[in-house]
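Starting from these lines, generate the structure:
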Amino acid sequence: MISPLVPDVARFPSLGALLDDALVRHAARDLLVEVDRKREASRWTGAQISARADELAARLGELGVAEGDRVAILLPNSPRWPLTALAILRCGGVLVPLDPKLEPREHVALLAHARPKVLVIDHAIWARHDTVPVEHVLVAEAPDGAELRGAQRWEEQARRGARAGARARSASDVACIVYSSGTGGRPKGCMLSHRAYLAQLGGLLALYPMAPGDVYFSVLPTHHAIDFMVGFVGPFVCGATVVHQRTLRPEMLRFTMQRYGVTHMSVVPLLLEAFDRAVRERIASLPAWQRTAVEALVSVNARLTAARPNHALSSRLLAPLHAAFGGRLRLLVCGGAWTDRAVAERLIRLGIPVVIGYGLTEACTVVTVNRLDPLRADTVGAPVEGVEIRIEAPDGEGVGEVCVRGPTMMDGYLDDAELTAETVRDGWLYTGDLGYLDAGGHLHLCGRVKDVIVTRGGKNVYPEDVEHAFAALPAEEIAVFAGNTLWPARTMSGETLVLVVRPKETDGIDLLSRIADANRKLPDFKRVAGVLTVDAAFPRTATLKVKRKELAAQLGALPRERVVAL
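Take a look at the predicted model:
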């Protein structure tokens, strides 16, 4: 049952109106906490958040931001992110969240495409930029005396004073333009309406409501669709507290979870695996008789909570293990990439529910999610309220492309009617993911149709981005593929990137050594795991574009054993 403190989100015309209402209802509650290592850096009540958002809205108004104008946010997780977002909504503006971890050239390309009136950027990121195609820039956390190159400080006060209330927006207006992860090829800015966000939030709160006293630990970046919804909008509306931690080192995560009694988190599979590993190492370090006792209690807990999780029971039976997570952890939401069923089920047996879901930026966040009664780890769940799924052109085993429609779908890609028409047909969003529906209506994912590669850490990797890093190799042609694309498997486990190279005829060059050197300079999630050398030229179109599907089919006919591991 939804808490009586949670309003009927469907009655609000916009995100701004909903959040303004939440800040009034929870004016005295602590809604935001910022932690810097083991020190609490700031704490914000609903009233304080509202006052600062008004002040920021006045600053944006001075810079000419009006209804429908775009404002880009390039900030790491901190209270400055939601404060800025609230200010944009109060101006009637459109949020353009960008990934701080992208390279400056990638930021510039996306800013040029989005054409925001204002950019709000962290100083550490701003220092890496020579210039940006934006008229007005607000820089957050700039040190005293820092050269801002014509930008203004985020912390400065408005000259005219704050103005009250949000400018009215309708449900059909665009609330956010969110770019799909990665920047390979043409930019894909998903235009998401206020109606889509409200429908998404209503469906999620019906399944997993929060309440005052709950503590959400925001470890995923807030620019990402998942954390924006369940780590910002949802907790504020419910009166829960959001905690931001400046460093995500494991010991700092544990400290924050224990100090603040974290109840909810959204994680990617890599972090879930780290939690699982920590628990197994803790149990393995116990004397034999204690290990036996713990394993017996785990089995008892699993039997007693098979129908539905029971935190009160589990946290008493397995108190020392729960204490490692702060003792109050009631829900881990995991998505963004393939999740190892065995890892999720081990945590579930401990009484730490792992809810696995599936979503896309184009669908506002969540398409499917597992329920608690009973909790399953073998699927990515059933569709959320109002969302429909069908499988396009299923094969003999029912596997085909996953297609989605419903009120949470995007309005299209910004300034790209052609790509929108390719992706949305007759009201159905063609996801590019392969899957099937079981008899209970739960979705099972098997792989991807599109070239985009999703790593275990939830990162989308575009082949072009990785190929660029190897452009200086002595090679006629190079290409990057997901291993499971070349040699299809009915699993998304153990996904790796394979670099395909047609070498030049040069003597005395250690090609593998050169590849390894270039590989080390890439972020972890973009590194290739193996190299496949070929002699034949890549198939190409008349305009010399590589025919990736045809090339993949040719490579897939080769034995996987030909790949040389790095």
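
quick one: the helices in the stretch 251-400 of the chain?
With helices called from DSSP state H, counting those that start in this stretch, the stretch 251-400 of the chain shows them at 269-284, 288-304, 311-317, 319-323, 341-349.

Now those in JSON lines, please, with extra columns for distance to residue 146.
Every residue, glycine included, has its C-beta placed from N, CA and C. Putting these into JSON lines (distance: least, C-beta to C-beta, whole Å) gives the following:
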{"stretch": "helix 269-284", "distance to residue 146": "33"}
{"stretch": "helix 288-304", "distance to residue 146": "53"}
{"stretch": "helix 311-317", "distance to residue 146": "47"}
{"stretch": "helix 319-323", "distance to residue 146": "43"}
{"stretch": "helix 341-349", "distance to residue 146": "44"}
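
Identify whichever of those helices lies nearest to residue 546.
Nearest of the helices of the stretch 251-400 of the chain to residue 546, taken as C-beta to C-beta: helix 269-284 at 30.3 Å.

Just name whatever secondary elements that closest one is in contact with.
Helix 269-284 sits against helix 288-304, helix 319-323, strand 331-334, helix 341-349, with contacts defined as 3 or more C-beta pairs under 8 Å, 6 or more residues apart in numbering; DSSP states H and E.

how about 6 Å then?
Other helices and strands packing on helix 269-284, by 3 or more C-beta pairs under 6 Å, 6 or more residues apart in numbering; DSSP states H and E, are helix 341-349.

can you pull the buried residues of the helix it packs on?
Within helix 341-349, the residues that count as buried by 16 or more other C-beta atoms under 10 Å are 343-349.

now swap in stretch 311-329 and tell me
311, 314-315, 317-318, 321-322, 325-329.

can you tell me which two in those are farthest apart?
317 and 326 (16.8 Å).

Do a quick rundown of the strands in the stretch 51-200 of the chain.
Listed in chain order, the strands of the stretch 51-200 of the chain (DSSP state E, counting those that start in this stretch) span residues 70-74, 94-97, 118-122, 136-140, 152-153, 174-179, 189-193.

Let me have the ones you listed in a markdown table, adding mean neighbour count and distance to residue 274 as columns.
Listed next are the strands of the stretch 51-200 of the chain as a markdown table, based on neighbours: other C-beta atoms under 10 Å; distance: least, C-beta to C-beta, whole Å:
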| stretch | mean neighbour count | distance to residue 274 |
| --- | --- | --- |
| strand 70-74 | 26 | 27 |
| strand 94-97 | 25 | 26 |
| strand 118-122 | 26 | 26 |
| strand 136-140 | 22 | 29 |
| strand 152-153 | 16 | 37 |
| strand 174-179 | 24 | 27 |
| strand 189-193 | 24 | 30 |
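
Can you lay out the ones you listed as TSV showing distance to residue 17 and mean pLDDT?
Listed next are these as TSV, based on distance: least, C-beta to C-beta, whole Å; pLDDT from 0 to 100:
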stretch	distance to residue 17	mean pLDDT
strand 70-74	18	98
strand 94-97	15	98
strand 118-122	22	98
strand 136-140	24	97
strand 152-153	28	96
strand 174-179	11	97
strand 189-193	14	97
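
possible to save these as a markdown table with distance to residue 365?
Output for the strands of the stretch 51-200 of the chain, formatted as a markdown table (distance: least, C-beta to C-beta, whole Å):
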| stretch | distance to residue 365 |
| --- | --- |
| strand 70-74 | 17 |
| strand 94-97 | 12 |
| strand 118-122 | 22 |
| strand 136-140 | 25 |
| strand 152-153 | 32 |
| strand 174-179 | 10 |
| strand 189-193 | 9 |
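
Pull out the buried residues from the helix or strand that residue 201 is a member of.
Using DSSP states H and E, the element containing residue 201 is helix 194-207. By neighbour count on 16+ other C-beta under 10 Å, the buried set for helix 194-207 is 194-205, 207.

Name the nearest of those residues relative to residue 84.
Relative to residue 84, the closest of the buried residues of helix 194-207 is residue 197; by C-beta to C-beta it sits at 16.9 Å.

Please verify my assumption that that closest one contacts residue 15.
Yes - Residue 197 lies in contact with residue 15 (C-beta atoms under 6 Å); the separation is 5.4 Å.

so what's in contact with the two at the same time?
Overlap of the contact sets of residue 197 and residue 15 (by C-beta atoms under 6 Å, 6 or more residues apart in numbering) consists of residue 175.

Quick check, central residue of the chain?
residue 224 (4.1 Å; C-alpha atoms, centre = their mean).

next one: phi and psi at that one?
phi -80, psi 140 (degrees, to the nearest 10).

If I look at it, what pLDDT would I see?
Looking at residue 224, its pLDDT reads 86.

Please look at residue 334 and residue 355 and confirm they touch.
No - Residue 334 is beyond contact range of residue 355, at 7.0 Å (criterion: C-beta under 6 Å).

now the buried residues of helix 341-349 as a markdown table including pLDDT and distance to residue 21?
Listed next are the buried residues of helix 341-349 as a markdown table, based on pLDDT from 0 to 100; distance: C-beta to C-beta, whole Å:
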| residue | pLDDT | distance to residue 21 |
| --- | --- | --- |
| 343 | 91 | 39 |
| 344 | 93 | 36 |
| 345 | 94 | 40 |
| 346 | 94 | 41 |
| 347 | 96 | 36 |
| 348 | 96 | 36 |
| 349 | 96 | 40 |
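
closest to residue 466 among those residues?
residue 343 (26.6 Å).

That concludes my questions; thank you for your assistance.
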